[in-house]
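Novice: Curious how this folds, go ahead:
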Amino acid sequence: MKENNQNKLIAGIDGSKGGWVCVSSDTNNTKKPKFDIFNKFEEVIERKFDLILVDMPIGLDKKLYKGGRVVDREARGMLLKNKSSIFNSPSRMALNAKEYQEANIINKAHGMGLSKQSWFLFKKIKEVDNFLKIKDRPKIFESHPEIIFQVMKGEAVETKKSTPEGIKERINLLVKNGFDKKFINKFINQKNSFYKNDDFIDSCSLFWSAIRAAKGQEINIPDKKIKDDEGIIMQMKI
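Specialist: Here you go, the predicted structure:
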């Protein structure tokens, strides 16, 4: 990655029904981000970002323990509300399963059962994981919007992100923390099947944390880097 005093292209990316939603800019123009949608994560990589924060498990254990990966346990402990939004990531050994029942059996054999929530993300987890093994790739780190919004607020976020009240609160937090409301209004309430309001709002929050990470001002969960058997860093940046 380029040195901190150089201009970088950074992005916050969230998964959606249609693929991936992305808020990005270079570090010299963070007040004027752009919004893009991508069908596949491969298209994200083609944009040559220097730093990406994505709401998706990055780095997978083979052997599972109660509470999930260290990053899952510590992030859940930090989150004051909506703790269920941080689910246990699957065993790497289950990734190639063809159906939920097979994946659940493999996961159980390696320590614990598999939630349906985790199974439904297998396709996207694998999309990201494929690029984590490539040497010449952007810096890609995991993050979590609910923790980001809690950090923005300085206390628990009581509302659910899928409700109108939750969307309103998160928009207000984004604006208070430097987002242009005109930018948000341009892409919120879009009537399409590609993304929902909370997907877009989450990508905005991830971009906010990407700005912090590019400056070296992020919170790391856990503080010490942990790597999986593939050498992939398992650490959230908030």
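
Novice: in this protein, which spans are helices?
Specialist: Using DSSP state H, the helices found in the chain span residues 41-46, 70-78, 100-109, 116-120, 122-132, 145-153, 164-176, 181-187, 197-214.

Novice: How much space separates the closest residue to residue 220 other than its chain neighbours from residue 31?
Specialist: Closest residue in space to residue 220, ignoring its immediate chain neighbours: residue 235 at 5.6 Å, by CB to CB, 6 or more residues apart in numbering. The way it works is simple: take the backbone N, C-alpha and C, and place the C-beta from them, glycine included. Distance, residue 235 to residue 31, by CB to CB, to the nearest Å: 28 Å.

Novice: Contacts only, for residue 181.
Specialist: For residue 181, the contacting residues are 171, 175, by CB atoms under 8 Å, 6 or more residues apart in numbering.

Novice: Tell me the pLDDT of it.
Specialist: In the predicted model, residue 181 carries a pLDDT score of 94.

Novice: Kindly report the same for residue 165.
Specialist: Per-residue confidence (pLDDT) for residue 165: 96.

Novice: again with residue 113
Specialist: 93.

Novice: just to revisit the earlier point, among the helices of the chain, which is the most enclosed?
Specialist: Using mean count of other CB atoms under 10 Å, the stretch among the helices of the chain with the largest mean neighbour count is helix 197-214, at a mean of 25.

Novice: residues contacting the residue lying farthest from the centre of the chain?
Specialist: Within the chain, the residue lying farthest from the chain centre (CA atoms, centre = their mean) is residue 109, at 27.4 Å. Taking CB under 8 Å, 6+ apart as the criterion, residue 109 is in contact with residue 93.

Novice: again, but for residue 31
Specialist: Neighbouring residues of residue 31 by CB under 8 Å, 6+ apart: 178, 180.

Novice: For it, give its distance to residue 238.
Specialist: Taking CB to CB as the measure, residue 31 and residue 238 are separated by 21 Å.

Novice: so where's the protein uncertain?
Specialist: Applying pLDDT under 70 to the chain flags the ranges 1-5, 135-136.

Novice: what about 90?
Specialist: Flagging of the chain using pLDDT under 90 yields the residue ranges 1-6, 45, 66-67, 82-85, 87, 117, 130-138, 162, 189-192.

Novice: Show me the residue sitting in the middle of it in space.
Specialist: Relative to the centre of the chain - CA atoms, centre = their mean - the closest residue is residue 55, sitting 1.3 Å away.

Novice: For that one, list the residues it contacts.
Specialist: 13, 14, 15, 142, 143, 144, 145, 202, 206.

Novice: Over to residue 208?
Specialist: Residue 208 makes contact with 12, 148, 152, 174, 177, 178, 179 under the criterion CB under 8 Å, 6+ apart.

Novice: wait, which of those residues is closest to residue 160?
Specialist: When the contacts of residue 208 are compared for distance to residue 160 (CB to CB), residue 148 comes out closest, at 15.6 Å.

Novice: From residue 25, how far out is the nearest residue to that closest one once chain neighbours are set aside?
Specialist: Among residues not flanking residue 148 along the chain, residue 205 sits closest, at 4.3 Å (CB to CB, 6+ apart). According to CB to CB, residue 205 stands 15 Å off from residue 25.
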